[in-house]
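S.K.: Structure of the sequence below:
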Amino acid sequence: MEALERELTVFYRRARASSGEMARELHPELEPAAYGLLVRLQECEPERATDLAAYFGVGKATMSRQLRALEVLGLVTREPDPADGRAFLMRMTAEGRERFSRVRAARRSRYLRRLAAWDRAEVSELARLLQRLNELQGSED
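M.R.: Numbers count the residues shown, from 1 in each chain. Got it, this is the predicted structure:
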């Protein structure tokens with residue numbers, strides 16, 4: 001368990017630093033945590049802010065602040081939720097999608113170079129295990 005804790009700690013720190021780099025490439029004023037938010041929006045937009053907050057395990061105020069910052073930068077937009085007139089759905093703007101796609105392609109290229117010596121089955125297994133870990137962490141809250 002000590003080895004697992006050590007490796008996860010290194011992994012999380014490096015992932016945070018990498019997200020910071022990706023965020024700055026996407027927009028110089030973008031906060032590191034916002035890159036992950038854009039990843040999620042790209043996968044399942046439109047989505048309510050409350051659902052995004054629950055997915056990431058953060059408070060509504062934190063999510064609201066991050067989304068406002070993305071709006072100010074022109075990367076996301078909000079629209080009324082037709083199912084609930086009090087709520088809003090968040091979407092990426094065309095500019096947000098273009099910037100995100102460019103940065104994500106660069107990130108994937110880096111992953112491909114780093115994992116080039118790995119067998120495809122090993123990469124698939126890593127993805128499967130990380131998904132299981134993420135599911136466990138999401139169920140603790």
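S.K.: Contacts for the top helix by length along the chain next, please.
M.R.: When secondary structure is assigned using DSSP state H, the longest helix within the chain turns out to be helix 2-26. Counting by Cβ atoms under 8 Å, 6 or more residues apart in numbering, helix 2-26 makes contact with 30-36, 38, 75, 99-100, 103-104, 106-107, all of which sit outside it. Every residue, glycine included, has its C-beta placed from N, CA and C.
S.K.: Do I have it right that Gln66 meets Gly36?
M.R.: No. In this structure, Gln66 is not within contact of Gly36 by Cβ atoms under 8 Å, at 9.7 Å.
S.K.: In terms of packing, which of these two has more residues around it?
M.R.: Just comparing Gln66 and Gly36: by other Cβ atoms under 10 Å the higher neighbour count belongs to Gln66, 22 against 17.
S.K.: Distance of that one relative to Tyr35?
M.R.: Here the distance between Gln66 and Tyr35 works out to 11 Å (Cβ to Cβ, to the nearest Å).
S.K.: Could you do Leu73 as well?
M.R.: Here the distance between Leu73 and Tyr35 works out to 12 Å (Cβ to Cβ).
S.K.: Now the strand or helix carrying Gly96: buried residues?
M.R.: Using DSSP states H and E, the element containing Gly96 is helix 94-114. With burial defined by 16 or more other Cβ atoms under 10 Å, the residues of helix 94-114 counted as buried are Gly96, Arg97, Arg99, Phe100, Val103, Arg104, Arg107.
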